[in-house]
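K.L.:
give me the fold of what follows.
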Amino acid sequence: MATEVQIKTAAAARASRKLAGVTADIKNKALLAMGEALRKNAKAIIEANATDLEAGEKKGLSRALLDRLALDGPRIQLMIGGLKVVAKLPDPAGEVLSEWKRPNGLKIRKVRVPLGVIGIIYEARPNVTVDSAALCLKSGNAVVLRGGSDAINSNIAITKAITEAAYDAGIPEDSIQLIEDTNRETAQELMRSREHVDVLIPRGGRGLIKAVVETSQVPVIETGEGNCHAYVEKSADLKMASDIVFNAKVSRPSVCNAIETLLVDEEIAGEFLPAAFKRLREAGVEIRGCEKVRRIDPKARKASDSDWGTEFLALILAVKVVSGPDEAIEHIAKHSSKHSEVIITKDKKAAGKFKAKIDSAAVYVNASTRFTDGFEFGFGAEIGISTQKLHARGPMGLPELTSYKYLVDGSGQVR
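P.N.:
Numbers count the residues shown, from 1 in each chain. Next up, the predicted model:
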């Protein structure tokens, strides 16, 4: 007897072949209909989400996970807004990347094509359901969603609303699949589904990503954790630095683009840190510092070696005083997850060195790392933030969900 994963991946594969021929107009119409369906079904989705939140609290989920899980009116409105933006973006499928003619008369075109069937394994973030479906459909891919048990009621309610709307608008049925069995075995089976799934994208914490990368027989695009850094260089505008650090740590500490480590030049540490720490502590941030930090602020806890490499996803900040850009860059190279880093500086030379030498997906000068996000980058949404270098890097929008093929027109040439 076929399993749920076998049935749904096979159905998605069949749908993907039909979806590859769907026009941009139909896809855009479907995306807007999906947004309207979220609006009409917002009450039912929020009620389903409340069931998940109640179960999560009883289970003892962390504040960070509960924040990622929670849905309300404004968050649903953000998802609707993302669908509208994706609908306005150019359809990447069929785009001619380059074309040329050979001396023998062959006409060759390099053309974008969908990947086919994209599997998404994710945890307690129901917004991923909408973002993934939107980007996959617009780029011509079928999608198989396998969310975590903590968000299952939310995911079922969302998927029911958007699939009915998409299919009514002309999207082939079975293009969006949700695996409702959240046992560990279904995730493992999806990782073995090479026959029907073309690529797998994990979205979640270090444990999930590591398990998928090490176990999957399906090609994986790795979306990494966010151990992000802010470096306040000695020439920095200290008010700007305080504002950026505060935003990058406090605005939403449970997400991967929040900073986890603050590096401060020793020439300004004594002036900058006391006021910055006061502001951060008033927002509930726990400071863990190196010995130089603790001499400036004895209330800071001693940072352990492991703190420098930890994605806290909480109101905790590791802080280190450094001698200058070279030490900051060396520290980031050793501990970063290659997600996002920022330098706050007035020195163009220091900024240039930082941008050239930091090997992360997004490198900022004088702006919060919280902007590393598909919506903020103008992609409408994101399928994940890739910290690897092959195929895709950084926030993954529509082009990253395509490959290409060569179309060759001849007139009887033989070799």
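K.L.:
where's residue 49 relative to residue 182, distance?
P.N.:
Here residue 49 is placed at a distance of 16 Å from residue 182 (Cβ to Cβ, to the nearest Å). Where C-beta positions appear, they are placed from N, C-alpha and C, glycine not excepted.
K.L.:
who has more neighbours out of these two?
P.N.:
The residue with more neighbours, out of residue 49 and residue 182, is residue 49; 23 against 16, by other Cβ atoms under 10 Å.
K.L.:
all helices for the stretch 201-350 of the chain, in order.
P.N.:
Ranges of helices in the stretch 201-350 of the chain, per DSSP state H, counting those that start in this stretch, are 206-215, 238-250, 266-282, 291-296, 325-335, 348-357.
K.L.:
could I get the full set of strands for the stretch 51-200 of the chain?
P.N.:
Assigned by DSSP state E, counting those that start in this stretch, the stretch 51-200 of the chain shows strands spanning 96-101, 107-114, 117-122, 142-146, 176-178, 199-203.
K.L.:
next: the stretch 301-415 of the chain.
P.N.:
Going by DSSP E, counting those that start in this stretch, the stretch 301-415 of the chain shows strands at 301-302, 316-322, 340-344, 362-365, 385-386, 394-395, 402-409.
K.L.:
can you list the domains in the chain?
P.N.:
As given by automatic domain parsing, the domain ranges for the chain are 4-224, 228-371.
K.L.:
for the longest one, what is the average pLDDT?
P.N.:
Per-residue pLDDT over domain 4-224 has a mean of 95.
K.L.:
got it, and the last one?
P.N.:
For domain 228-371, the mean pLDDT works out to 97.
K.L.:
residues of stretch 391-404 that come out buried?
P.N.:
392, 393, 394, 395, 396, 397, 398, 400, 401, 402 (16 or more other Cβ atoms under 10 Å).
K.L.:
my bad, should have said stretch 24-40
P.N.:
24, 26-35, 37-38.
K.L.:
what's stretch 237-244 in contact with?
P.N.:
By Cβ atoms under 8 Å, 6 or more residues apart in numbering, the residues outside stretch 237-244 that reach it are 230, 232, 268, 271-272, 275-276, 279, 342, 344, 346, 366-368.
K.L.:
so what's residue 200 up against?
P.N.:
118, 119, 120, 121, 190, 191, 212, 216, 218, 219, 220, 221.
K.L.:
so what's it bridging to?
P.N.:
Beta-bridge partners of residue 200, counted by DSSP bridges, are residue 119, residue 220.
K.L.:
do you know how far it is from residue 167?
P.N.:
Distance from residue 200 to residue 167, by Cβ to Cβ: 24 Å.
K.L.:
as JSON lines, the helices of the stretch 201-350 of the chain with distance to residue 257 would be great.
P.N.:
Converted to JSON lines, these look like this (distance: least, Cβ to Cβ, whole Å):
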{"stretch": "helix 206-215", "distance to residue 257": "16"}
{"stretch": "helix 238-250", "distance to residue 257": "8"}
{"stretch": "helix 266-282", "distance to residue 257": "18"}
{"stretch": "helix 291-296", "distance to residue 257": "24"}
{"stretch": "helix 325-335", "distance to residue 257": "15"}
{"stretch": "helix 348-357", "distance to residue 257": "18"}
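K.L.:
single out the most deeply packed of these.
P.N.:
Across these, averaging neighbours per residue (mean count of other Cβ atoms under 10 Å) puts helix 238-250 on top, at a mean of 19.
K.L.:
now that helix - C-alpha only, CSV.
P.N.:
Output of helix 238-250 as CSV, limited to C-alpha atoms (Å, rounded to 0.1, in the frame of the first residue of the first chain):
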residue,chain,number,x,y,z
LEU,A,238,27.6,56.1,18.1
LYS,A,239,23.9,57.0,18.0
MET,A,240,23.6,55.2,14.6
ALA,A,241,25.5,52.3,16.0
SER,A,242,23.3,52.1,19.0
ASP,A,243,20.1,52.2,16.9
ILE,A,244,21.4,49.5,14.5
VAL,A,245,22.5,47.2,17.2
PHE,A,246,19.3,47.7,19.1
ASN,A,247,17.1,47.0,16.1
ALA,A,248,19.2,44.0,15.0
LYS,A,249,19.0,42.4,18.4
VAL,A,250,15.7,43.4,19.8
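K.L.:
just want the angle from that helix to strand 316-322.
P.N.:
Relative orientation of helix 238-250 versus strand 316-322 (axes from the mean of the first three to the mean of the last three Cα atoms, to 10 degrees): 140 degrees.
K.L.:
what is the closest residue to residue 300 other than its chain neighbours paired to in the beta sheet?
P.N.:
Leaving aside its chain neighbours, residue 300 sits nearest to residue 289 (3.8 Å; criterion: Cβ to Cβ, 6 or more residues apart in numbering). For residue 289, the beta-bridge partners are residue 302, residue 319 (DSSP bridges).
K.L.:
quick one: contacts for residue 289?
P.N.:
297, 300, 301, 302, 303, 318, 319, 320 are the contacts of residue 289 under Cβ under 8 Å, 6+ apart.
K.L.:
ok, so of the residues you listed, who is nearest residue 143?
P.N.:
Nearest to residue 143 out of the contacts of residue 289 is residue 318 (Cβ to Cβ; 36.9 Å).
K.L.:
what's the local residue count around that closest one?
P.N.:
28.
K.L.:
is it true that it touches residue 307?
P.N.:
Yes. Here residue 318 reaches residue 307: they are 4.4 Å apart, a contact under Cβ atoms under 8 Å.
K.L.:
overlap of the contact sets of those two?
P.N.:
Common contact partners of residue 318 and residue 307 (Cβ under 8 Å, 6+ apart): residue 288.
K.L.:
ok, and the closest non-adjacent residue to residue 44?
P.N.:
Among residues not flanking residue 44 along the chain, residue 157 sits closest, at 5.6 Å (Cβ to Cβ, 6+ apart).
K.L.:
tabulate the strands of the stretch 301-415 of the chain in TSV, adding columns for distance to residue 96.
P.N.:
Output for these, formatted as TSV (distance: least, Cβ to Cβ, whole Å):
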stretch	distance to residue 96
strand 301-302	57
strand 316-322	48
strand 340-344	33
strand 362-365	29
strand 385-386	25
strand 394-395	24
strand 402-409	9
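K.L.:
buried subset of the contacts of residue 289?
P.N.:
297, 300, 303, 318, 319, 320.
K.L.:
include distance to residue 257 when you put those into TSV, please.
P.N.:
Shown next, in TSV, are the buried ones among the contacts of residue 289 (distance: Cβ to Cβ, whole Å):
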residue	distance to residue 257
297	26
300	24
303	22
318	17
319	19
320	20
